[in-house]
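A.B. asks: Structure of the sequence below:
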Amino acid sequence: MSDTTQNNNTTNNENNSSLTAVEIAKNAG
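C.D. replies: Residues are numbered from 1 along each chain as shown. The predicted structure follows:
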């Protein structure tokens, strides 16, 4: 259970980082 929660948190953080990078690219665009 703990491992699954940690994996989900890591995935969410990676997704958030990707979205942020996309937003930065749009703003720079």
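A.B. asks: okay, now Val22: neighbour count?
C.D. replies: 10 (other CB atoms under 10 Å). Using the backbone N, CA and C atoms, a C-beta is placed for each residue, glycine as well.
A.B. asks: and it, what pLDDT?
C.D. replies: pLDDT for Val22: 85.
A.B. asks: same question, Met1
C.D. replies: Here the pLDDT value assigned to Met1 is 64.
A.B. asks: Equivalent analysis for Lys26, please.
C.D. replies: pLDDT, Lys26: 88.
A.B. asks: so is it in a helix, a strand, or just coil?
C.D. replies: helix (DSSP: H, G, I helix; E, B strand; the rest coil).
A.B. asks: Around it, count how many other residues there are.
C.D. replies: When neighbours are counted by other CB under 10 Å, Lys26 registers 8.
A.B. asks: again with Asn7
C.D. replies: Neighbours of Asn7 using other CB under 10 Å come to 10.
A.B. asks: next one: Leu19
C.D. replies: Neighbour tally, Leu19, other CB under 10 Å: 10.
A.B. asks: what about it, helix or strand, and which?
C.D. replies: helix 2-28 (DSSP states H and E).
A.B. asks: So which bits of that helix are buried?
C.D. replies: Buried residues in helix 2-28, counting neighbours by 16 or more other CB atoms under 10 Å, are absent.
A.B. asks: how far is it from where the chain is centred?
C.D. replies: A distance of 0 Å separates the centroid of the chain from that of helix 2-28, by CA atoms, centre = their mean, to the nearest Å.
A.B. asks: Repeat that for stretch 18-29.
C.D. replies: 13 Å.
A.B. asks: For it, list the C-alpha coordinates in PDB.
C.D. replies: Extracted C-alpha coordinates of stretch 18-29, given in PDB (Å, rounded to 0.1, in the frame of the first residue of the first chain):
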ATOM      1  CA  SER A  18       5.600  18.000 -17.700                       C
ATOM      2  CA  LEU A  19       2.500  20.300 -17.600                       C
ATOM      3  CA  THR A  20       4.600  23.100 -16.100                       C
ATOM      4  CA  ALA A  21       7.200  22.700 -18.900                       C
ATOM      5  CA  VAL A  22       4.500  22.800 -21.500                       C
ATOM      6  CA  GLU A  23       3.000  26.000 -20.000                       C
ATOM      7  CA  ILE A  24       6.500  27.600 -19.900                       C
ATOM      8  CA  ALA A  25       7.000  26.700 -23.600                       C
ATOM      9  CA  LYS A  26       3.600  28.200 -24.500                       C
ATOM     10  CA  ASN A  27       4.500  31.400 -22.600                       C
ATOM     11  CA  ALA A  28       7.900  31.600 -24.300                       C
ATOM     12  CA  GLY A  29       6.300  30.700 -27.700                       C
END
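A.B. asks: I'm done for today, thanks for sticking with me.
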